[in-house]
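A.B. asks: One predicted model, sequence on top.
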Protein chains: 2
Amino acid sequence: MARKTKAEAALTRQKIVQCARQVFSQAGVSNTSMEDIARKAKVTRGAVYWHFRNKSDLFMAVRADTGSLLQLSHPTEKSPLRRLELSLQNALQRLTGESGTQETYQVILWKCEFVGEFSPVRDDLMLGGENFVQEVAKLYRTAQQEGQIDPAVDTLLLARETFCFFVGLLKLWLADTAAQSFRPQASPLITQYLQQKQAWGKHALTVSRQKPKSNS
Amino acid sequence: MARKTKAEAALTRQKIVQCARQVFSQAGVSNTSMEDIARKAKVTRGAVYWHFRNKSDLFMAVRADTGSLLQLSHPTEKSPLRRLELSLQNALQRLTGESGTQETYQVILWKCEFVGEFSPVRDDLMLGGENFVQEVAKLYRTAQQEGQIDPAVDTLLLARETFCFFVGLLKLWLADTAAQSFRPQASPLITQYLQQKQAWGKHALTVSRQKPKSNS
DNA sequence: AGATTTACATACATGACTGTATGTAAAAGT
DNA sequence: ACTTTTACATACAGTCATGTATGTAAATCT
């Protein structure tokens, strides 16, 4: 019952966040009470309410504690399409390797209702998504300039398509909790998806070498 | 207070389902009480509990009352890729036109926690998805045989990709409740997505007419 | 060293929400 | 015509979760 030092307090706070994430991902956000979390963290509700105003506040902390999957990695890679693929594959690997990340996205995509106090979270997610789309669009533009993808396609639209694809992929990957049917296919899915994008490049090279196109 | 005839009872049941769907889509499943639904349907909880065992039972009824978006339409269309596009576009149109359909999918994709009694629903959704994937894979196979898409790609994997794309599209479409940013782009997104698939066909034709490939 | 704040644990008040039990009048069966 | 269901409305009991108020001992401040 001795009062904790500042560092110890930070630790219990961190533990509460971790346990909240776990319980959320198992029982869903609405279904877990503050006491469920407290019990798992081996504290009382008093501790939880001291660190967080309410459940949605705690939920925000859980999110803030988790890194975003939707960001480009491998900045040294020079091929834009290859870099995008590595980023997506890396996201999958993080999902597999980092249990906390997997739990958080499990909550976000299957175990949470974006209503009331949680609506801002959805908007925030969409904002992050739009950010990702813009960065991917840049990649696609340079790839287009390098003649790797069809100059006819709208790169911004293409980036949105990729975003849709990846959101769906994440959702289905997380749905396959038994890791039986979908998860093994996820990585080849990404590979083939991006191979198609540059498939044009191969054919276009063959074509343009024999018959240059006129600008439209 | 007069007892209702069988037909009238069926009507109140239907009304309860409709109101449940509306309230679910606005407040989320966990956040709505049986009385919320009863009030909206202008009955008491007694009526609701007479027709449905509990909330999850009512939720199943709401789902059963809604047609699936994930099915091929336009069976007369002979071009497989065109048929797929028409099906996806049709799904979007139904989402826009049929308020009940939109509400149900709003619930499924943003306002529901697939936990406990609701876990079977997720599995059922995935099953329906796998069914859709198989049908789309058939379309892709015939398209491939007709030389419309790259013979190198795995059509089953391609169908899963399309499923991912569409799931993500649905989710993002539904997130844009203001119908401002994403929804206007959804239809062109589908169009461009499927145009890319047959882009290979065009180039391949050009190439093969000038320089026939050898079989590998 | 004393005063003050911190980091909780404990206790309390309150309010949903659920499920069931009971009542009831009319419809449906015979 | 009489009995039995039906289709609810009403009433009741009980659980559970929330938020706050209070207590407290030690850490931190001055």
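C.D. replies: All right, it came through fine. Numbering: from 1, shown residues only, chains lettered A, B, ... in the order given.
A.B. asks: Chain neighbours aside, what residue packs nearest to the most centrally placed residue in chain A?
C.D. replies: Residue closest to the average C-alpha location in chain A (CA atoms, centre = their mean): A:Leu69, at 3.4 Å. Leaving aside its sequence neighbours, A:Leu69 sits nearest to A:Ala91 (CB to CB, 6 or more residues apart in numbering or on different chains; 4.3 Å). C-beta here means a position set from N, CA and C on the backbone, and glycine is covered the same way.
A.B. asks: and that neighbour, that's in a helix?
C.D. replies: Yes - counting by DSSP: H, G, I helix; E, B strand; the rest coil, A:Ala91 is located in a helix.
A.B. asks: what's the distance between it and DNA strand C?
C.D. replies: Between A:Ala91 and DNA strand C the computed distance is 33 Å (CB to the nearest atom of the strand, to the nearest Å).
A.B. asks: Next, count neighbours for that residue.
C.D. replies: 22 (other CB atoms under 10 Å in any protein chain shown).
A.B. asks: How about the one 4 residues further on?
C.D. replies: Residues lying near A:Leu95 (other CB under 10 Å) number 20.
A.B. asks: secondary structure element for it?
C.D. replies: Secondary structure from DSSP states H and E places A:Leu95 in helix A:80-97.
A.B. asks: go on, A:Cys112?
C.D. replies: strand A:111-113.
A.B. asks: Report whether the helix or strand that comes right after that strand contacts chain B.
C.D. replies: Next in sequence after strand A:111-113, counting helices and strands by DSSP H and E, comes helix A:119-145. Yes - for helix A:119-145, a contact with chain B is found by CB under 8 Å from any CB of the partner chain, at A:Arg122, A:Leu125, A:Met126, A:Gly129, A:Glu130.
A.B. asks: quick one on the thing from earlier: and the strand holding A:Cys112, anywhere near chain B?
C.D. replies: Yes - for strand A:111-113, a contact with chain B is found by CB under 8 Å from any CB, at A:Lys111, A:Cys112, A:Glu113.
A.B. asks: Need the contact partners of that strand.
C.D. replies: The contact list for strand A:111-113 (CB atoms under 8 Å, 6 or more residues apart in numbering or on different chains) reads A:24-25, A:27-30, A:59, A:118, A:121, B:28-31, B:110-115.
A.B. asks: let's go with 10 Å and repeat that
C.D. replies: The contact list for strand A:111-113 (CB atoms under 10 Å, 6 or more residues apart in numbering or on different chains) reads A:24-32, A:59, A:103, A:105-106, A:118-119, A:121-122, A:174, B:24, B:27-32, B:107, B:110-115, B:118.
A.B. asks: just the residues of helix A:119-145 next to chain B now: which is nearest B:Arg183?
C.D. replies: Set against B:Arg183, the nearest of the residues of helix A:119-145 next to chain B by CB to CB is A:Met126 (12.3 Å).
A.B. asks: hang on, that closest one packs against B:Asp176?
C.D. replies: Yes - look at A:Met126 against B:Asp176 with CB atoms under 10 Å: they come within range, at 7.6 Å.
A.B. asks: per-domain residue ranges of chain A.
C.D. replies: A:6-65, A:68-205 (automatic domain parsing).
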